[in-house]
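Chemist: Predicted model, plus sequence, below.
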Amino acid sequence: MSKIPQVKEFQGLPVVTPEKIRVIDKKAVTEYGVAEGELMENAGRGAADEILRIAGTLGLSAPVKIAVCCGKGNNGGDGLVAARYLKRKGAEPEIFILEPKDTGYGELVVKNLEAARAAGVKISLVKKDTVEELAGSLPAFGLLVDALLGIGSVGKPAGALRRVIQLMNKSGRPIIALDLPSGLLPDTGHHTGVYVIAAHTLTFGLAKSGLMAAHAQKNIGELKVIDIGYPPELVAWALAQG
């Protein structure tokens with residue numbers, strides 16, 4: 001069984017396992033009155049600011065064309081929020097979102113998909129029979145954003161999701177991963193063979209244990225923690241847990 005890296009802190013903040021971050025998120029909502037939607041809003045807004053900073057360091061001329069590749073869950077929701085703020089700040093984002101399961105998207109994804117559409121962001125639905133179209137479209141963007149899979153992902157990416165990851169890697173464009181590169185296991189940093197190779201990773205709230213693994217660094221790129229509004233007392237509690 002793969003070991004979880006034992007690094008305790010990153011940039012003065014606690015490093016947490018996926019299980020611990022779920023506890024922290026729950027505490028933020030139930031004990032500190034932070035709305036779940038507020039955490040996602042803060043994550044997307046902070047990511048958008050950092051994406052534009054990175055675009056500047058790469059010398060990309062405005063308005064920067066940015067492809068935001070979104071999954072069906074909350075990581076995709078973070079990407080939807082980021083796309084909305086990128087549009088507001090003068091960039092030209094386009095959302096490529098995987099089609100939902102039979103049960104549809106979750107509530108926060110639906111809300112932020114509608115908000116992105118209302119903000120004028122172009123949205124394309126990615127299906128199994130249309131995914132190959134990305135081979136021609138992704139290289140036309142200055143940056144790609146990976147918002148496909150978050151800490152809740154399990155197993156090996158398959159179907160259209162697998163192909164989106166492969167086409168992102170083949171595009172030749174810099175990839176910025178939200179929370180962690182899709183396909184990497186958030187606890188150990190190992191992968192199952194299909195994973196995003198990111199130039200930058202913007203992890204939300206606190207660094208995840210898998211992002212500390214030495215073997216994962218070539219897939220993570222430059223790592224930065226994005227403040228999503230955890231109360232200081234909650235961060236102190238997490239740090240004290242060790």
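Modeler: Ah, there it is. What you see is a predicted model; the values in this text were computed from it and never measured. Residues are numbered from 1 along each chain as shown.

Chemist: gap between the two ends of stretch 96-111?
Modeler: Taking Cα to Cα, to the nearest Å, stretch 96-111 runs 16 Å from one end to the other.

Chemist: What are the buried residues along stretch 3-16?
Modeler: Using 16 or more other Cβ atoms under 10 Å as the test for burial, stretch 3-16 gives 4, 5, 10, 13, 14, 15, 16. C-betas here are computed from N, CA, C, even on glycine.

Chemist: State the helix or strand in which the fifth one lies.
Modeler: When secondary structure is defined by DSSP states H and E, residue 14 falls within strand 13-16.

Chemist: Can you list the buried residues in stretch 220-228?
Modeler: Residues of stretch 220-228 classed as buried: 220, 221, 223, 224, 225, 226, 228 (neighbour count, 16+ other Cβ under 10 Å).

Chemist: Select from those every entry located in helices.
Modeler: The helices, defined by DSSP state H, take in residue 220 from the buried residues of stretch 220-228.

Chemist: what two of the buried residues of stretch 220-228 have the greatest distance between them?
Modeler: 221 and 228 (20.3 Å; Cβ to Cβ).

Chemist: Tell me where this structure has helices.
Modeler: Counting by DSSP H, the helices of the chain are 18-30, 36-57, 74-88, 107-118, 134-137, 159-170, 217-220, 232-241.

Chemist: hey, which of the ones you listed is tucked in deepest?
Modeler: Most buried of these by mean neighbour count (mean count of other Cβ atoms under 10 Å) is helix 74-88; its value is a mean of 27.

Chemist: by contact count, what packs against that helix?
Modeler: Contact partners of helix 74-88 among helices and strands, from 3 or more Cβ pairs under 8 Å, 6 or more residues apart in numbering; DSSP states H and E: helix 36-57, strand 65-70, strand 92-98, helix 107-118, strand 143-147, strand 175-178.

Chemist: What is the nearest of the buried residues of stretch 220-228 to residue 184?
Modeler: Looking across these and measuring by Cβ to Cβ, the closest to residue 184 is residue 220, at 7.7 Å.

Chemist: residue contacts, that closest one?
Modeler: Taking Cβ atoms under 8 Å, 6 or more residues apart in numbering, we find residue 220 in contact with 177, 180, 181, 184, 198, 201, 211.

Chemist: switch to 6 Å and redo it
Modeler: Shown in contact with residue 220 (Cβ atoms under 6 Å, 6 or more residues apart in numbering): 198, 201, 211.

Chemist: what about the last one, distance to residue 70?
Modeler: Separation of residue 211 from residue 70 (Cβ to Cβ, to the nearest Å) stands at 21 Å.

Chemist: So which of those two has more stuff around it?
Modeler: Each of residue 211 and residue 70 has its neighbours counted (other Cβ atoms under 10 Å); residue 70 has more, 30 against 25.

Chemist: Nearest residue to the middle of the protein?
Modeler: The residue lying closest to the centre of the chain (Cα atoms, centre = their mean) is residue 178, at 2.1 Å.
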